[in-house]
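Trainee: with the input below, show me the fold.
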Amino acid sequence: MNVFKHEMRQYRKTLILWAGSLSALVFLCMLATPLFINESSSMKEMLASLPEAALDAMGIDLELFFSAVGFYSYVFTYIGLAAAIQAMSLGMGILSKENRMKTADFLMSKPKSRSSIFLAKLAACLCSLFVTGAVFFLAAWLSILTMTGGDFAFAPFALISLSFLLLQMIFLSVGLLAAALVGRIKSVVSVTIGIVFGVFLLGIISSIAGSEALRWLSPFRYFDYGYAMKNHTYEGLFMILSAALILGAGIASYVIQMKKDIKAAA
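Mentor: Sure, this is the predicted structure:
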């Protein structure tokens, strides 16, 4: 039994749905790019009348918003929310489904070690996310290229787009850890949506309050797109924090999974 191929077959339709939906979403949103650029003066006046807290809550920087990449960064804020849901539900579901479906003892009866099963499932998750990320990047690049005729800054665009995969890696590792700790999760989707939206809301609160302490608690705030556009790089401290979170949660989920009891089917 090839666990990697089995998991890829199991999630094939879901992968196609996510990749297609996210690609279509970014293309549809970017259709509004010419409107924001051509009508920037009137819209800037309207947005400038809003309280600064409201702009922070929406993730709008008036200095950067009225450009192709600036508008893309705003759109990406909410696409990242969907990307996080995909990654966390994948990580949580791929480890918890044997306990939920009571097939864990059957899987363990095969001539495969716990380690090889975990690593094969992890490889399937990573492959799915890389495919989604690659398709999304291509769709985003084609959409902004079409809307601007190539007149946009590629480096900040690439950095913003790359954070799609980095954000997914963070939430994948969190999902794996949650599944390893809890074991049987009745509704992966509801738990995932609750956690992801809670963390996203925490990021909004940290932005409004200007709290660096709260920012550390929300991976959505690890990637400051305004900073990336101005400096053509990520913030080093939050990249270290991202790597530590991915590796720490991934290693912890592996260790817990290797030691936990496997319940036999009733």
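Trainee: look up how far Glu235 lies from the residue nearest to Phe238 when sequence neighbours are not counted.
Mentor: Using CB to CB, 6 or more residues apart in numbering and skipping the chain neighbours, the partner closest in space to Phe238 is Tyr222 (4.1 Å). C-beta here means a position set from N, CA and C on the backbone, and glycine is covered the same way. From Tyr222 over to Glu235 the distance is 8 Å, taken as CB to CB, to the nearest Å.
Trainee: the two: who's more crowded?
Mentor: Neighbours were counted for Tyr222 and for Glu235 using other CB atoms under 10 Å; Tyr222 has more, 21 against 15.
Trainee: my read is that that one contacts Leu237, right?
Mentor: No. Counting by CB atoms under 8 Å, Leu237 is not a contact partner of Tyr222; they are 9.2 Å apart.
Trainee: quick one: common contacting residues for these two?
Mentor: Counting by CB atoms under 8 Å, 6 or more residues apart in numbering, no residue touches both Tyr222 and Leu237.
Trainee: re the thing from before, ok, the residue nearest to Phe238 - contacts?
Mentor: By CB under 8 Å, 6+ apart, the contact list for Tyr222 reads Leu167, Ile170, Arg215, Glu235, Phe238, Met239, Leu241, Ser242.
Trainee: local confidence estimate at it?
Mentor: Note on Tyr222: pLDDT of 93.
Trainee: count the residues that sit near Lys186.
Mentor: Lys186: 8 neighbours (other CB under 10 Å).
Trainee: let me fix that, I meant to ask about Lys13.
Mentor: If we define neighbours as other CB under 10 Å, then Lys13 has 9 of them.
Trainee: ditto for the one 10 residues further on
Mentor: Counted with other CB under 10 Å, the burial measure for Ser23 works out to 20 neighbours.
Trainee: which strand or helix spans Ser190?
Mentor: In the assignment (DSSP states H and E), Ser190 maps to helix 188-209.
Trainee: which SSE is immediately downstream of that helix?
Mentor: helix 212-215.
Trainee: who are the packing partners of that next one?
Mentor: helix 188-209 (3 or more CB pairs under 8 Å, 6 or more residues apart in numbering; DSSP states H and E).
Trainee: which residues in the stretch 1-150 of the chain form strands?
Mentor: Here the stretch 1-150 of the chain has no strands by DSSP state E, counting those that start in this stretch.
Trainee: shaky segments in the stretch 101-250 of the chain?
Mentor: 101-112, 183 (pLDDT under 70).
Trainee: let's see it at 80
Mentor: 101-114, 183-186, 210 (pLDDT under 80).
Trainee: so where do the helices sit in it?
Mentor: Under the criterion DSSP state H, counting those that start in this stretch, helices of the stretch 101-250 of the chain are mapped to 104-108, 114-148, 154-182, 188-209, 212-215, 225-231, 236-259.
Trainee: now for the second one, which elements pack on it?
Mentor: In this structure, helix 114-148 makes packing contacts with helix 3-10, helix 12-30, helix 33-38, helix 68-101, helix 104-108, helix 154-182, helix 236-259, judged by 3+ CB pairs under 8 Å, 6+ apart.
Trainee: need the ones you listed in CSV (columns: distance to Glu45).
Mentor: Shown next, in CSV, are the helices and strands packed on helix 114-148 (distance: least, CB to CB, whole Å):
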stretch, distance to Glu45
helix 3-10, 51
helix 12-30, 23
helix 33-38, 14
helix 68-101, 17
helix 104-108, 60
helix 154-182, 25
helix 236-259, 33
